[in-house]
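*Asks:* build me a model:
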Amino acid sequence: MPARHAAFAWWGATACWFLGTLLGGRRTPVEAAVPPPVAVLVYAVCAGLWALLVYGVYRGVKGTRVALAVVGALGIVDLVVQLVGDVVTRAYGHGAFFLAALVLSGAGFVLLFRPS
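*Replies:* Down below sits the predicted model:
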């Protein structure tokens, strides 16, 4: 049952990440070179793949917990790095969504490995 609760936290984190990414604008030259519709499509594909991995945990597919733990830990590190950048650049709207994603990701991580 904790894996199902963890899935809801991860899905919420995915939604916050997607909305924060759309709100954040483009900071790097590579991001600025990509047309906005293509960028939104890439973000949507990434969020969709992540949501499918979380769905595998929700359904109890073997091996998805470990995969989610590894990729989730990397995602949490990335969220922290982006939050530091948001504080430095004073991008508070973007930072608010990423902070919510960080809190939900942390909750999902804790719930994922909590004993039943």
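*Asks:* would you point out which residue is most central in the protein?
*Replies:* The centroid of the chain falls nearest to Thr14 when counting by Cα atoms, centre = their mean (4.3 Å).
*Asks:* and the lengthiest helix in the chain, what's its mean pLDDT?
*Replies:* Looking across the chain with DSSP state H, the single longest helix is helix 64-89. For helix 64-89, mean pLDDT is 86.
*Asks:* for it, packing partners?
*Replies:* Judged by 3 or more Cβ pairs under 8 Å, 6 or more residues apart in numbering; DSSP states H and E, the packing partners of helix 64-89 are helix 2-24, helix 36-59, helix 92-112. Yep, even glycine has a C-beta here, placed from its N, CA and C like the rest.
*Asks:* buried residues in the shortest one?
*Replies:* Taking 16 or more other Cβ atoms under 10 Å as the basis for neighbour counts, the residues of helix 92-112 that come out buried are 94-102, 104-105, 107-109, 111-112.
*Asks:* likewise for stretch 82-95?
*Replies:* 82-83, 86, 91, 94-95.
*Asks:* how many neighbours does the nearest residue to Arg4 once chain neighbours are set aside have?
*Replies:* Spatial nearest neighbour of Arg4, chain neighbours left out: Tyr58 (5.7 Å); criterion: Cβ to Cβ, 6 or more residues apart in numbering. Other residues near Tyr58 come to 18 when the count uses other Cβ atoms under 10 Å.
*Asks:* ok, now the one 4 residues further on?
*Replies:* Lys62 has 7 neighbouring residues, counting by other Cβ under 10 Å.
*Asks:* thank you, goodbye.
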